[in-house]
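# Have a look at this fold, sequence not included:
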C-alpha cells in the first residue's frame, strides 16, 4: 500500500501534540478535526470538504501552557459539539457549540490535578471523561448531559510515575493508561468504584500511548501499546477475571516487526473498520501494519511506511480519520493528512 | 554575549537555527554538516548552576564525548542523531538533571531541528544514572520544564554566558 500526502495544514506556532476527529454519529462521516499545541491554542478544522478549512481557533486566553490533548465527546444531545482539551497548566477545559451557535464557548474548566495534565479522553458512551497527569493519578469524571457539571467518580493512583496517556475501549467501559513507569494499567467499573484489574508489564521504557481494537463481537480483547523502547506490542486478554476476582490476565500476542522505528514511538492507533494499525514517533516515520490472514493470527506485516513525515521534525500523534485517511501532528507545527491507497 | 531568550516564540526558535549559519531554506549539503567541535563550542560556555565556572572548564562536557551520526547511517531520513555524554563533578550531583536540561535547551534553540540530541550521563559517573537519563530524554517532561518560570530563570542565567 502507499501513503500519499493529501494536505498539509500549517496549523500552529509550536509543536502539535494531539489530534481528535469528530464523526457524524449516524453516518460515521468525519466532520471536524481538533488539534492542540504548545502555542496554547486549540484549532478546529472542517473535514466536510477536501479543503480542510479552519473552522475556529478557540479562545487562547483560557490556558496558560501547552495544550497536551484534545478529545471530542461522543453521543451528545441534539448534535451538540463538545470538545475537551487538557493542558500543562493543570486544567482541562470543556468547549461546546449548539447547532444554532456560530462559535464554541467555554462550558467548564476542570481542576484537580497537581501538575501537568498529559491526556484526556471521553468514554465511548460520552458519559465519562478520563484525565491523567504527571502527579501519577488518573481521574475519571462523570459529566452531565450538558457538559457543564463534572463529578469526579474515581482517582486512580496505581502508577509509580507520570501517566502519559489514557485510552478508552471504543465499545465498552474499559480504560487503559500508559506511563513513564513502563507499564500499562487496565481499569473497569466495579460496583460504585473503578478498579485496576491488570498491569501490563513488558516494555523497557516509557509507554506513550495505547489503543484498543474495536469489535465487541470478536472473541477476544486486544490492545496495542507503543514505547520509548522503539517497539509496539499487541496484548491479548486471555482471562477476563469476572468469575474468580483474580483480575484480568493479558499476554503479549505479538511484537510488531522489529527495527521499524529507530527512536521513541509516541503514538499508535487501531482502525475500527479494517483493523489496520498505524504508528509514529521521534524518528519521524509513519508506518501502517496489517495482520496476516485471519484476525487474531498475531502475525503482522508492514504494509506502508514513510520517512520524514514532517520533514526533519518529530511526529507526536497519529489518528485514523477514516479507513484510508490518516492525520499526523508534528513538532513543525503542522498537521499532515495522508491517504492510504493500494 | 548573546542571551538566548527561552521564552521566544516558535518563529524565533526557527530564527535561532541561524546561529550556526544554517538556513532553513535552500540549505546546501556543506552548510548542513556540523562537527563535534561546533557542538562543543555551543555548550562549553554554559555556566555551572552552582560554580562560577563553565561546563567546559569543569570538564562536565568534553569534546571527545560528543558524537554525531554519520550521513550514511540512515540514508532514508534527514534526521541526525547526536549523542552527548556529560560527566558530573560528583556522583551524587543533585544538579545533573538541571545541567542536562540547560544543554538540551541550548541545543534545541541553536541547532537545526534535524539534529536529535540524546543527552546522557557518562556511564558510571552518577548514582541515579538511569533516572536522570530518562528524564533528560523525555520530550514531554522537557517541554513542561521549559514552561516553568522558576526553572527557566535558572536556565536563562546558565545560558547567559554562551557566546
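Looks like it came in fine. Source: prediction; values computed, not measured. Numbers count the residues shown, from 1 in each chain, chains lettered A, B, ... in the order given.

# contacting residues for the closest residue to chain B within chain A?
Closest to chain B within chain A is residue A:312: 3.5 Å, counting by Cβ to the nearest Cβ. (Glycine included, C-beta is placed from N, CA and C.) With contact set as Cβ atoms under 8 Å, 6 or more residues apart in numbering or on different chains, residue A:312 has these partners: A:284, B:77-79, B:112-114.

# Top of those residues by number of neighbours, please.
residue A:284 (28 neighbours; other Cβ atoms under 10 Å in any protein chain shown).

# Now flag whichever of the contacts of residue A:312 is closest to residue A:328.
Relative to residue A:328, the closest of the contacts of residue A:312 is residue A:284; by Cβ to Cβ it sits at 9.7 Å.

# what are the phi and psi values for that closest one?
Dihedral angles of residue A:284 (phi, psi; degrees, to the nearest 10) stand at phi 70, psi 10.

# Also residue A:191?
Torsion angles at residue A:191 (phi, psi; degrees, to the nearest 10) stand at phi 50, psi -120.

# okay, now it: neighbour count?
So residue A:191, with other Cβ under 10 Å, has 6 neighbours.

# Quick check: the gap between it and residue A:321.
As judged by Cβ to Cβ, to the nearest Å, residue A:191 and residue A:321 stand 38 Å apart.

# from the contacts of residue A:312, which single one is nearest residue A:179?
Distance ranking of these against residue A:179, using Cβ to Cβ, places residue A:284 first at 24.3 Å.

# From what I see, the closest one and residue A:306 are in contact.
No - here residue A:284 lies out of contact with residue A:306, judged by Cβ atoms under 8 Å, at a distance of 9.1 Å.

# Could you report the neighbour count for residue B:98?
Counted with other Cβ under 10 Å, residue B:98 comes out at 18.

# Contact residues of the stretch 1-150 of chain A facing chain B?
A:12-15, A:38-39, A:65-66, A:68, A:88, A:115-116, A:118, A:134 (Cβ under 8 Å from any Cβ of the partner chain).

# what do you get if the cut-off is 10 Å, keeping everything else the same?
A:12-15, A:17, A:37-40, A:64-66, A:68, A:87-89, A:115-116, A:118, A:134 (Cβ under 10 Å from any Cβ of the partner chain).

# For chain A, give me its nearest residue in chain B.
For chain B, Cβ to the nearest Cβ, closest residue to chain A: residue B:114, 3.5 Å.

# Check that residue and give its pLDDT.
We have a pLDDT of 90 for residue B:114.

# same thing with residue A:28?
Confidence score, pLDDT, at residue A:28: 88.

# thought it was touching residue A:273?
Yes - counting by Cβ atoms under 10 Å, residue A:28 touches residue A:273, with 8.5 Å between them.

# okay, and the common contacts of those two?
Here residue A:28 and residue A:273 have A:322-323 as joint contacts, going by Cβ atoms under 10 Å, 6 or more residues apart in numbering or on different chains.

# residue contacts, the nearest residue to residue A:166 once chain neighbours are set aside?
Sequence neighbours aside, residue A:130 is the residue nearest to residue A:166 in space, at 4.2 Å (criterion: Cβ to Cβ, 6 or more residues apart in numbering or on different chains). Going by Cβ under 10 Å, 6+ apart, residue A:130 touches A:71, A:84, A:119-123, A:138-141, A:154, A:156, A:163, A:165-168, A:175-177, A:187, A:194.
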